[in-house]
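# Sequence plus predicted model, see below.
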Amino acid sequence: MNQPADHHLPGLHLEGGLFRVDSAAVLKRFFHLERALTISCAGWIPAARRLETKLTLANAAWEDALTADDLRNRVFELKYPDQTLDLGVDTRLAELYSSALHAPSAVALLRAQARVLLPALTASYREYLTTADEIADAPTRRFLGPAVVEVDAQIRVFEEAASCEL
């Protein structure tokens, strides 16, 4: 698998640590991206040719939905009493991730996620985890650390599924 050297999501500048509002903004972005990935995977289940690919997409949708729910809840905790999840400056990025739903084929979806969308997301998760305060943002670390492992596994499984789905 050939990946570009740099997988950073635009606008994610974490040098110098994060404040509560900064964390909420970044996690809100992650929520919208996970939500888009969930919808894309779920939407392609019926069109996948192989049963194994259908199961792979269903499992990824389930994992992504759980992570999205954790992210949404954490954003609400950090932004209390503000309970909005407006996209704002992240609209274009969320639209890019949402466009995977309109992939021309299941193989195209799997490869786009495995080679572009998921590597960018997991790199951003890792960057966030290295910058986030170990104590103040421990609730986020509790679910985002395992999410990195899940996304890494999804990358491998999606590549395998794409080659079998041809």
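That came through fine.
# Next, name the residue at the spatial heart of this structure.
The centroid of the chain falls nearest to residue 34 when counting by C-alpha atoms, centre = their mean (3.9 Å).
# Can you name the residues that contact residue 53?
106, 110, 161, 164, 165 (C-beta atoms under 8 Å, 6 or more residues apart in numbering). (C-beta placed from N, C-alpha, C; glycine too.)
# Can you point out the helix or strand that includes it?
Taking DSSP states H and E as the definition, residue 53 sits inside helix 51-79.
# what about that helix, average pLDDT?
For helix 51-79, mean pLDDT is 95.
# All the strands of the protein, residue numbers only.
Here the chain has no strands by DSSP state E.
# Where does pLDDT dip in it?
Low-confidence segments of the chain, defined by pLDDT under 70, are located at 1-21, 80-82.
# switch the cut-off to 50
Within the chain, the segments meeting pLDDT under 50 span 1-11.
# Excluding chain neighbours, what is closest to the residue nearest to the centre of the chain?
residue 68 (3.8 Å; C-beta to C-beta, 6 or more residues apart in numbering).
# cool, residue 77 as well?
Using C-beta to C-beta, 6+ apart, the nearest residue to residue 77 is residue 139, at 7.2 Å.
# doesn't residue 76 make contact with the one you found?
No - if you go by C-beta atoms under 8 Å, residue 139 and residue 76 don't touch, sitting 11.7 Å apart.
# okay, these two: which has more neighbours?
Using other C-beta atoms under 10 Å as the criterion, residue 139 and residue 76 rank with residue 76 on top: 17 against 13.
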